[in-house]
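**Student:** Sequence plus the predicted model coming up.
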Amino acid sequence: MKIFAHRGLSGFYPENTMLAFKKCLDLDIYGIELDVQKSKDNHLVVIHDEKVDRTFNGSGYVKDMTLDELKSLNSSFKNYEENIDCKVPTLREVLLLFKPTNFVINIEIKNNKVKYKNIEEDVVNLVKELNMEKRVLISSFRMKTLKKLKKICPKIKRAYLLSEKLYKYRLKFLIFSRVTKNKSYSINPNYTIVDNKFIKKCHNRNMKVLCYRVNNIEDYKKLLKIKADGIFTDFPNIMSDDIFK
């Protein structure tokens with residue numbers, strides 16, 4: 001099973017920071033996952049929330065702050081407030097960290113609430129500049145984003161993120177039909193909606209199933225048994241332990 005470190009080693013260190021990513025370098029895992037948004041001055045930055053309030057000692061929307069302003073913030077994670085590796089990183093910084101490795105990087109484009117102009121093009125252009133097209137999987141909750149990515153650079157793998165709410169309130173057959181038509185590499189669902197039937201539907205359409213956010217060993221074992229292809233976890237150092245495989 002493919003193990004992705006969700007926002008880096010976020011079960012122990014401040015999420016989506018260089019420290020959390022650096023702590024993954026010596027782990028025997030498949031890859032890492034991160035979230036991308038854009039600063040006021042058009043830089044691609046790695047942060048999950050649309051606002052900085054939860055994870056940093058500031059307040060306001062990422063889109064309203066320059067890169068320098070974002071970099072000036074300190075982590076709100078206890079005991080890491082002054083750590084220089086716990087600032088808001090750029091996507092370039094993170095990709096360069098993993099470029100010499102074999103890690104696959106799952107980039108989630110966070111534009112379902114804030115519609116960042118040309119964020120798809122900006123991400124693709126950076127990935128191509130660094131010659132990392134084969135090392136990246138780009139995911140989104142927005143089908144429009146996946147369609148755009150397919151048009152811009154079809155050889156970069158794409159993944160459709162699927163929440164419980166989306167799965168419950170949208171016609172299920174329509175979801176599978178649209179993702180298949182887009183030729184997505186995978187569906188990345190909330191693990192709670194995944195069962196044998198779900199796995200078979202995806203595999204019959206030549207799509208992987210990469211489940212988020214799996215932090216419980218029993219859930220990991222269950223997904224392993226029904227042949228899920230991978231998980232995103234805050235504790236990759238535990239989930240990748242051989243005794244659980």
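**Tutor:** Great, that's in hand.
**Student:** Now do the buried residues in the longest strand along the chain.
**Tutor:** Longest strand in the chain, counting residues (DSSP state E): strand 31-38. Using 16 or more other CB atoms under 10 Å as the test for burial, strand 31-38 gives Gly31, Ile32, Glu33, Leu34, Asp35, Val36, Gln37, Lys38. Heads up, the C-betas are built off the backbone N, CA and C, glycines and all.
**Student:** out of everything not next to it in sequence, what's closest to the third one?
**Tutor:** Distances taken as CB to CB, 6 or more residues apart in numbering put Asn106 closest to Glu33, at 4.2 Å, once the chain neighbours are dropped.
**Student:** just the fourth one next, same as before
**Tutor:** Nearest residue to Leu34 in three dimensions, chain neighbours excluded: Val46, at 5.0 Å (CB to CB, 6+ apart).
**Student:** That neighbour and Lys78: what is the separation?
**Tutor:** Distance of Val46 to Lys78, computed by CB to CB, to the nearest Å: 21 Å.
**Student:** And those two? Which one has more around it.
**Tutor:** Higher neighbour count among Val46 and Lys78: Val46, with 27 against 7, using other CB atoms under 10 Å.
**Student:** phi, psi of that one?
**Tutor:** Recorded main-chain torsions at Val46 are phi -100, psi 110, according to degrees, to the nearest 10.
**Student:** For it, give me its contacts.
**Tutor:** Residues near Val46 by CB atoms under 8 Å, 6 or more residues apart in numbering: Asn16, Leu34, Asp35, Val36, Val88, Pro89, Thr90, Leu91, Glu93, Val94.
**Student:** hmm, try it at 6 Å
**Tutor:** Val46 makes contact with Asn16, Leu34, Pro89, Leu91, Val94, according to CB atoms under 6 Å, 6 or more residues apart in numbering.
**Student:** do Ser76 as well
**Tutor:** For Ser76, the contact set (CB under 6 Å, 6+ apart) comprises Thr55, Phe56, Asn57.
**Student:** Can you classify the closest residue to Asp53 other than its chain neighbours as helix, strand or coil?
**Tutor:** Computed as CB to CB, 6+ apart, the closest residue to Asp53 that is not its neighbour in sequence is Ser59, at 5.2 Å. Put simply, Ser59 is coil when judged by DSSP: H, G, I helix; E, B strand; the rest coil.
**Student:** Can you classify Asn206 by secondary structure?
**Tutor:** Classified using three-state DSSP, Asn206 is coil.
**Student:** Look at it and say how many residues are nearby.
**Tutor:** Look at Asn206: counted by other CB under 10 Å, it has 10 neighbours.
**Student:** From Thr66, how far out is the nearest residue to Lys23 once chain neighbours are set aside?
**Tutor:** Counting by CB to CB, 6+ apart, Lys23 lies nearest to Leu9, which is 4.2 Å off, once chain neighbours are set aside. Note on Leu9: its distance to Thr66, by CB to CB, is 28 Å.
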